[in-house]
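Peer 1: A predicted structure for the sequence below; I have some questions about it.
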Amino acid sequence: MAMAANCLSPLPHSHHASSSFSPSQRCKSSCVSTSRRFVSKAVAGSSTSVNWTAREKSDLYIHTHGGSNNEEEEEEEFSWEKMEADITYWTRPLRPVQWYPGHIAKTEKDLQNQLKLMDVVIEVRDARIPLATTHPMMDKWIGNRKRILVLNREDMVSKSDRNAWASYFSKQGIKVVYANGQLGMGTMKLGRLAKSLASDVNVKRRAKGLLPRPVRAGIVGYPNVGKSSLINRLLKRRLCAAAPRPGVTRELRWVHFGKDLELLDSPGILPMRISDQTAAIKLAICDDIGERSYDVSDVATILVQILIKLPSVGPKVLGKRYKLDLEGDCGRIFIDKIALQLFGGDVNQAAFRVLSDFRKGKFGWVALERPPRYII
């Protein structure tokens, strides 16, 4: 078939060569068959001399779900480090994902001042991408203050994912609370932990002859990770604006949780420039960054290629979901097929459908990160 043939073209000579391609051409050149056997044949069968370093050979190798008849063997071979290398390669030719609305600069300055008043800092991250949803300056801003890490959307990752991250952060001395801000799971535990961590505040005040005061906890994190939803669930009423899109909260706001706890709701904060584009693509996939910052068809293409590689999803789950066969592993061709079958050829609508399905958990428990050096 013509489309399949396009997806099986040889890889470019170098990373620079791919940057001049159109998004469709880039996909067709980079979405080569994912087995080492085919890559060898593709190079041997072309008239082009392709010189790869050992690292490039490792990075460009794409592991497919259908390459083994033994699912356990396949899962054991799956490496998250190789996945990261693949995502880095796929994102390299794309337009950089950058989003820095005007209110964030002011918020960042105000937040740094408010953090000086905090007894406890509650950092909220997306449980699917805990590393991609932390600000590079967060450790510096928090300093020596008590810290609680909330991994929100716990319902979207598996128990093994949760255990892996809990172990990873525990070794760093960071207390982790898993939560589901939409349903309220984990919120009461979070409130109790915040008050217990800062219990010494009033002990010191009494020793100085001062009256006790509520514990002050600041809730910080990237856009759309669920900060306001967590506060609303803690308070059991809707005091903070919350919606499933980035940028809803635009100013700092103090709210009271009983007489013992004060919470600071803050807008999502992002670096002025996101240097790690692998992380930026994950933010786009998980809807943790504004839609204007990325090309939806490019992001959906990379998501499909990630899902194809993941043992928990793979080509069978994708094919069954959309009633389509996957030929090779080219995400762009699969998006084009969905567009033709469901949306009259509208690629953007097809891309939005795939991203929306992922964000709603239609593919099951799917994490896009595991702790560094973690292999399943």
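Peer 2: Yep, it's here.

Peer 1: ok, Ser117 to Leu111 distance?
Peer 2: In this structure residue 117 is Leu, not Ser. 11 Å (Cβ to Cβ, to the nearest Å). Heads up, the C-betas are built off the backbone N, CA and C, glycines and all.

Peer 1: so which of the two has more stuff around it?
Peer 2: Leu111 (19 against 10; other Cβ atoms under 10 Å).

Peer 1: which helix or strand contains Leu234?
Peer 2: helix 227-235 (DSSP states H and E).

Peer 1: any low-confidence regions in the protein?
Peer 2: 1-77, 102-103, 236-250, 327-329, 374-376 (pLDDT under 70).

Peer 1: what is the neighbour count of Leu263?
Peer 2: 27.

Peer 1: surely it touches Leu252?
Peer 2: No. Checked against Cβ atoms under 8 Å, the pair Leu263 and Leu252 is beyond contact range at 11.1 Å.

Peer 1: quick check: Thr88 touching Ala280?
Peer 2: No. Proximity of Thr88 to Ala280 does not meet the contact threshold set by Cβ under 8 Å, at 11.2 Å.

Peer 1: between those two, who's got more neighbours?
Peer 2: Between Thr88 and Ala280, Ala280 has the larger neighbour count (other Cβ under 10 Å), namely 25 against 14.

Peer 1: how near is the more buried one to Phe363?
Peer 2: 21 Å.

Peer 1: where exactly do the helices run in the stretch 251-376 of the chain?
Peer 2: 277-285, 296-309, 314-322, 331-342, 347-359 (DSSP state H, counting those that start in this stretch).

Peer 1: as CSV, those with distance to Val157 would be great.
Peer 2: Shown next, in CSV, are the helices of the stretch 251-376 of the chain (distance: least, Cβ to Cβ, whole Å):
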stretch, distance to Val157
helix 277-285, 13
helix 296-309, 15
helix 314-322, 16
helix 331-342, 22
helix 347-359, 13
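
Peer 1: which of the ones you listed sits closest to Leu151?
Peer 2: Proximity to Leu151 (Cβ to Cβ) singles out helix 277-285 among those, at 14.6 Å.

Peer 1: how far away from the center of its chain is that closest one?
Peer 2: Relative to the centre of its chain, helix 277-285 is centred 6 Å away, using Cα atoms, centre = their mean, to the nearest Å.

Peer 1: touching that helix from outside, list them.
Peer 2: 84, 87-88, 90-92, 94, 96-98, 128-129, 131-133, 222, 274, 289, 293-294, 299, 302-303, 306, 355, 358, 368-369 (Cβ atoms under 8 Å, 6 or more residues apart in numbering).

Peer 1: Provide the partner residues of Ala217 in its beta bridges.
Peer 2: Val120, Leu263 (DSSP bridges).

Peer 1: wait, isn't it in contact with Met118?
Peer 2: Yes. In this structure, Ala217 is within contact of Met118 by Cβ under 8 Å, at 6.7 Å.

Peer 1: what touches both of these two?
Peer 2: Common neighbours of Ala217 and Met118 (Cβ under 8 Å, 6+ apart) are Leu264.

Peer 1: and the nearest residue to Leu303 once chain neighbours are set aside, how far from Lys109?
Peer 2: Setting aside the residues directly before and after it, Leu303 is nearest to Ile285 in space (Cβ to Cβ, 6 or more residues apart in numbering), at 5.1 Å. Separation of Ile285 from Lys109 (Cβ to Cβ) stands at 30 Å.

Peer 1: could you do Pro212 as well?
Peer 2: 31 Å.

Peer 1: kind regards, and thank you for your time.
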